[in-house]
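**Student:** build me a model from this:
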Amino acid sequence: MRIKKGDTVKVIAGKDKGKTGIVLKTFPLEDRIIVEKVNMVTKHMKPRGPQNPGGIEKQEAPIHVSNVMYFDTKSNKTTRIGYKLENGEKVRFTKIDGQTIK
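**Tutor:** Below you'll find the predicted structure:
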């Protein structure tokens, strides 16, 4: 999976198409990610003691990684990601301008 935790991504398909957000969590075996403020679902929480009364909460649900694209904040464009060897290390780079990512 080319998308990592902490990357900024833009949704390119689905009900939240056009939204951008930061990747909060990845599930590589399922090819899914959780993106901040994207794919919000309603969750009914059961009361768990006096500190947690329960109720209806909104939270992010996983979205398939093929429905998002890496968003380069420097150029404000979406781009594909590639891998290359640099000083003996495997690094990610943007295909649009060849800049290395982190």
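**Student:** pick out the residue nearest the middle of this structure.
**Tutor:** With distances taken as C-alpha atoms, centre = their mean, the residue of the chain nearest its centroid is V23 (3.1 Å).
**Student:** so what's that residue scoring on pLDDT?
**Tutor:** Confidence at V23, expressed as pLDDT, is 98.
**Student:** report the next helix or strand after the helix or strand hosting it in sequence order.
**Tutor:** Per DSSP states H and E: V23 is located in strand 20-27. Once the chain leaves strand 20-27, the next helix or strand it forms, by DSSP H and E, is strand 32-35.
**Student:** could you list the paired strands of that following strand along with their orientation?
**Tutor:** Its sheet considered, strand 32-35 pairs with strand 20-27 (antiparallel), strand 63-64 (antiparallel) by DSSP bridges.
**Student:** so which of those gets nearest Q99?
**Tutor:** Closest of those to Q99 is strand 20-27, at 18.4 Å (criterion: C-beta to C-beta). From N, CA and C alone the C-beta is placed, and that goes for glycine too.
**Student:** not counting its own residues, what contacts the closest one?
**Tutor:** Around strand 20-27, the neighbours that count as contacts under C-beta atoms under 8 Å, 6 or more residues apart in numbering are 1, 3-11, 32-38, 60, 62, 71.
**Student:** which among those count as buried?
**Tutor:** 3, 7-11, 32-35, 38, 60, 71 (16 or more other C-beta atoms under 10 Å).
**Student:** quick one on the thing from earlier: which ones among the contacts of strand 20-27 map onto strands?
**Tutor:** 8-11, 32-35, 60, 71 (DSSP state E).
**Student:** pLDDT and distance to P47 for those residues - can I get that in a markdown table?
**Tutor:** Shown next, in a markdown table, are the ones in strands among the contacts of strand 20-27 (pLDDT from 0 to 100; distance: C-beta to C-beta, whole Å):
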| residue | pLDDT | distance to P47 |
| --- | --- | --- |
| T8 | 98 | 37 |
| V9 | 98 | 35 |
| K10 | 98 | 38 |
| V11 | 98 | 34 |
| R32 | 98 | 29 |
| I33 | 98 | 31 |
| I34 | 98 | 25 |
| V35 | 98 | 29 |
| E60 | 98 | 23 |
| F71 | 98 | 39 |
